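Novice: Give me a model of this one.
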Amino acid sequence: MRVIFVASLLLLNFSSPAQTEKGRGLLTGSINVAYSNVNRGTVAPATTQVPAFDVQLTKGWFVRDHWLFGVSVNARSQWSHTETPGASVSAPGMSFYFRRDYTYGLNAFVRRYWGDQKWRVFAGGGVGGAYSRNDLSSRLRSGQEGSPTYFFSSSASNNRSISLSPFTQLGAMYFVADRLGLEAFSQSTAFPFSFTSFNLGLTLLTGSTATGSLSPTVTGYQTQRGRWIAGGAMQLTGGRYGFRQRSITSGTNTNYSESNARNSSFTISPSLGVFVSDNLLLGVDIPVSIRNNKSVSQFNVALSKETENMIGLQPYLKKYIGLNRLRPFVAGYVGYQWGELRRENRNQPSFSFAIKQRTVAAGGSLGLAYLLRERFILEATVASITANRFMNTPQQADPENRRAEGWTLSAAATLQPNFSLLYVFR
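Specialist: Residues are numbered from 1 along each chain as shown. Down below sits the predicted model:
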C-alpha cells in the first residue's frame, strides 16, 4: 500500500503556479543561543557556567519546475564548567569539572512537488550524515603544594561517533502568503516508508515571483477593541514509592523495616488578555505550583515532609501589525515569582530548613498570527529574547548548603516554532 501511494504521487501532474517554478527557493531553520551562570552554597561556593548554541538551516533551490534540490546543516554545542574553591585559607583546594558536547550534521535531498493554488504535496529523499564528540575533564587539588597532605589528581576522556544513512520524505505545504508557507512532513530511514517522525514549521520563499499577495485585507474581528482571550494550562500528578527490608541473624533474630514515600504536585497557569484598542492586547499570566513529598516508617510515623509553593504574576503587552489575515506581532513581558521550599525532618531536626525563592524575568518576542474566520487566531513566535534572575535564600541554618543564585540569558530565532490556537471572546 505504501509503495502504491508513493508511486501514485510520482504519476500526478497537477498544474502549479509560480511558488514552485524554476528560479524560486525555500529557506527555513532555527538559531538558539543561551548562557547561564549559577552560584551555589555558602561554604566553598561552586560556580557553574553553561553556554550553549543550536543552529539548524535548510536551503532549497528549484532547479526545474516543481523539482527542488536542498541542503540542510545543523550544529549543536554545549559547555558546562563548574569550579569550587577551598573552604578556607588554612585548607586551600580546588575542584574543576568541564564537559563539552558537539554535534554536526549535513543532509542533501531532492523533492518533487505537485499541487494547485495554495496547496502542495511533495515526496523526496536523500542522504544524511552526522558527527558527534563528547569531552570530559576534571581536576582536584587539596592542601598546600609541597606539604605532606598535598593531593592532586586529574582525568580526561572523550568519545566520538559518526553516522550516515539515506532517508525519504513525504509532506505538504500551504502558502499563507506569497513569500510564506506552512510546511508539514515526515522523514523516514526505512524503505519504502515508515512514519516515525513529524515536522511542522514555516518556510520562506526566495527568488522572483509573478503572483500577487495571497493574504488579502480583512476586517479582523479578532483583534478589535473590547475582544478578550482566556486560556492556560493545568496539571495534577501523584505517586508512591515503597521499600521493605528483612534480615535474619544467628538463625533466630529477624529484623524487619518498611518505609514509603508519597509525592504530589499541582500546577495551573491561567491567562487573560483584553484588546484595549484595535490590534493591541494587554494581558496577564498567573503561574501557580504546589508540590508535596512525604516519607513515613512502617508504623506510619512521619520521617520527613517537604513542601514547595510558588506563585507568579506576569503581565504582557502584544501589538498586532497590519490589516491582512497574516499579521506580524511584537510582544513583551515582565514577571515575578515568589514562594518557599520547606523541609521538616523529625529524625534529624538539624537538617530541617526553609528557603525563600524569588525569580525576576523579562523578555520580548516577534511572531506571526493568522486570523481564522472570526473567532480563532493561530500564532507562532519566530524570535525571542529572555532574561531571568533567581535567588534561593535560606531562612535559617543551612547544613546542606542550599543557598543559590544565578541568571540566564537566551535568544532564539526560528521558522520551526510551536504553534498556539487562541479563541477570541466578544
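Novice: correct me, but Arg375 touches Gln222?
Specialist: Yes. Judged on C-beta atoms under 8 Å, Arg375 makes contact with Gln222 at a distance of 7.0 Å. Placement of C-beta: from N, CA and C, glycine included.
Novice: Need the residues touching each of those two.
Specialist: Jointly contacting Arg375 and Gln222 under the rule C-beta atoms under 8 Å, 6 or more residues apart in numbering are Val424.
Novice: Give me the more crowded residue out of these two.
Specialist: A direct count of neighbours by other C-beta atoms under 10 Å for Arg375 and Gln222 places Gln222 higher, at 24 against 14.
Novice: Just confirm the more buried one is within a helix.
Specialist: Yes. Under DSSP: H, G, I helix; E, B strand; the rest coil, Gln222 falls within a helix.
Novice: pretty sure it is touching Ile377, no?
Specialist: Yes. Using C-beta under 8 Å, Gln222 is in contact with Ile377, at 5.2 Å.
Novice: residues shared between the contacts of the two?
Specialist: With C-beta under 8 Å, 6+ apart, Gln222 and Ile377 have common neighbours 371, 424.
Novice: which regions of the stretch 101-250 of the chain sit below the pLDDT cut-off?
Specialist: By pLDDT under 70, the weakly predicted segments of the stretch 101-250 of the chain are 208-217, 243-250.
Novice: Do a quick rundown of the strands in the stretch 201-350 of the chain.
Specialist: Secondary structure of the stretch 201-350 of the chain by DSSP state E, counting those that start in this stretch: the strands cover 228-249, 253-277, 280-285, 288-297, 302-320, 326-345.
Novice: List the neighbouring strands of the fifth one plus their orientation.
Specialist: Sheet neighbours of strand 302-320, with direction, are listed as strand 280-285 (antiparallel), strand 288-297 (antiparallel), strand 326-345 (antiparallel) (DSSP bridges).
Novice: So which bits of that strand are buried?
Specialist: 303-308, 310, 312, 314, 316-318, 320 (16 or more other C-beta atoms under 10 Å).
Novice: from the residues you listed, which two are the most distant?
Specialist: Leu303 and Tyr320 (54.9 Å; C-beta to C-beta).
Novice: ok so, going back, just name the lowest-scoring one in the buried residues of strand 302-320, pLDDT-wise.
Specialist: Lowest pLDDT among these: Leu303, with 69.
Novice: how's the protein carved up into domains?
Specialist: 1-214, 220-426 (automatic domain parsing).
Novice: For the stretch 51-200 of the chain, which segments count as strands?
Specialist: So, for the stretch 51-200 of the chain - with DSSP E, counting those that start in this stretch - the strands run 67-85, 93-114, 119-142, 151-177, 180-188, 199-206.
Novice: got the contact list for Val334?
Specialist: Applying C-beta under 8 Å, 6+ apart, the residues contacting Val334 are 314-315, 361-362.
Novice: try 7 Å this time
Specialist: Val334 makes contact with 315, 362, according to C-beta atoms under 7 Å, 6 or more residues apart in numbering.
Novice: Just the pLDDT at it, thanks.
Specialist: pLDDT recorded at Val334 is 97.
Novice: Can you add mean neighbour count and give the strands of the stretch 51-200 of the chain back as a markdown table?
Specialist: Below are the strands of the stretch 51-200 of the chain laid out as a markdown table (neighbours: other C-beta atoms under 10 Å):
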| stretch | mean neighbour count |
| --- | --- |
| strand 67-85 | 16 |
| strand 93-114 | 17 |
| strand 119-142 | 16 |
| strand 151-177 | 14 |
| strand 180-188 | 18 |
| strand 199-206 | 17 |
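Novice: Quick one: closest of the ones you listed to Thr386.
Specialist: strand 67-85 (17.7 Å).
Novice: The closest one pairs with which strands, and in what direction?
Specialist: The strands that strand 67-85 pairs with in its sheet are strand 46-64 (antiparallel), strand 93-114 (antiparallel) (by DSSP bridges).
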